[in-house]
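Chemist: Output the structure for:
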Amino acid sequence: MQRKRKGEKRWTVCLMILVCVSVMSGLTGCSLFEKAIPSGYTDCVEHYENGFMDYTDYCKYFYTQEADAVFARHEKYQLVKEQDIERITGYFNHCGDLMRGSERGAEFDVDLQCISAGDRVYIDTKEGEERSKNNYYEKYECYSVYLYDVESHTLFYVHNNG
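Modeler: Numbering: from 1, shown residues only. Sure, this is the predicted structure:
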């Protein structure tokens with residue numbers, strides 16, 4: 001019988017914990033990205049795709065007017081300016097195209113006209129980061145975009161891990 005070294009045991013335990021967290025996240029509809037979704041929403045509609053490597057998610061979280069101040073103070077969210085609208089719309093268009101292409105188009109019901117100056121946005125993307133030696137992430141390969149629409153008090157979340 002061969003004995004495992006201490007380092008191997010620790011790696012095994014760490015890997016098991018990571019797998020358990022990943023599995024539980026998938027089962028509960030939780031995502032590691034949800035740290036950017038403030039608590040206090042009154043209702044939500046979540047469309048998570050059960051994928052391991054390539055998946056696309058779209059969710060809506062409904063808040064009351066009082067949440068406007070929460071998003072204004074939130075360290076991750078930036079004020080949307082007129083010049084940001086095209087960039088933000090691009091992510092939402094890409095997510096919608098992916099969902100329609102995989103017969104999930106009925107789930108994607110965001111009206112892109114709601115994206116306006118004065119909203120709040122947080123964009124988490126790997127664009128430009130090195131994936132492997134001399135291989136970099138493209139714009140729409142791996143992103144999470146959180147858009148808080150101040151008129152409807154709705155947080156829209158789109159994610160692609162492609």
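Chemist: hey, where'd the helices end up in the chain?
Modeler: 6-28, 67-73, 85-101 (DSSP state H).
Chemist: count of residues packed around Gly96?
Modeler: Neighbours of Gly96 under the rule other Cβ atoms under 10 Å: 20. Where C-beta positions appear, they are placed from N, C-alpha and C, glycine not excepted.
Chemist: Likewise for Tyr58?
Modeler: 24.
Chemist: How much space separates it from Ala72?
Modeler: Applying Cβ to Cβ, to the nearest Å, the value for Tyr58 to Ala72 is 24 Å.
Chemist: Check Gly90 too.
Modeler: Distance from Gly90 to Ala72, by Cβ to Cβ: 24 Å.
Chemist: Equivalent analysis for Glu86, please.
Modeler: For Glu86, the distance to Ala72 - Cβ to Cβ - is 23 Å.
Chemist: Neighbour count: the two, which is higher?
Modeler: Higher neighbour count among Glu86 and Ala72: Ala72, with 12 against 9, using other Cβ under 10 Å.
Chemist: Now do the more buried one against Gly118, distance only.
Modeler: Relative to Gly118, Ala72 is positioned 10 Å away (Cβ to Cβ).
Chemist: What of Arg87?
Modeler: Arg87 is 16 Å from Gly118, by Cβ to Cβ.
Chemist: for Ile88, same thing?
Modeler: Ile88 is 13 Å from Gly118, by Cβ to Cβ.
Chemist: so what's the nearest residue to Tyr63 once chain neighbours are set aside up against?
Modeler: Closest residue to Tyr63 apart from its sequence neighbours, by Cβ to Cβ, 6 or more residues apart in numbering: His153 at 4.5 Å. The contact partners of His153, by Cβ atoms under 8 Å, 6 or more residues apart in numbering, come to Phe62, Tyr63, Thr64, Gln65, Ala67, Asp68.
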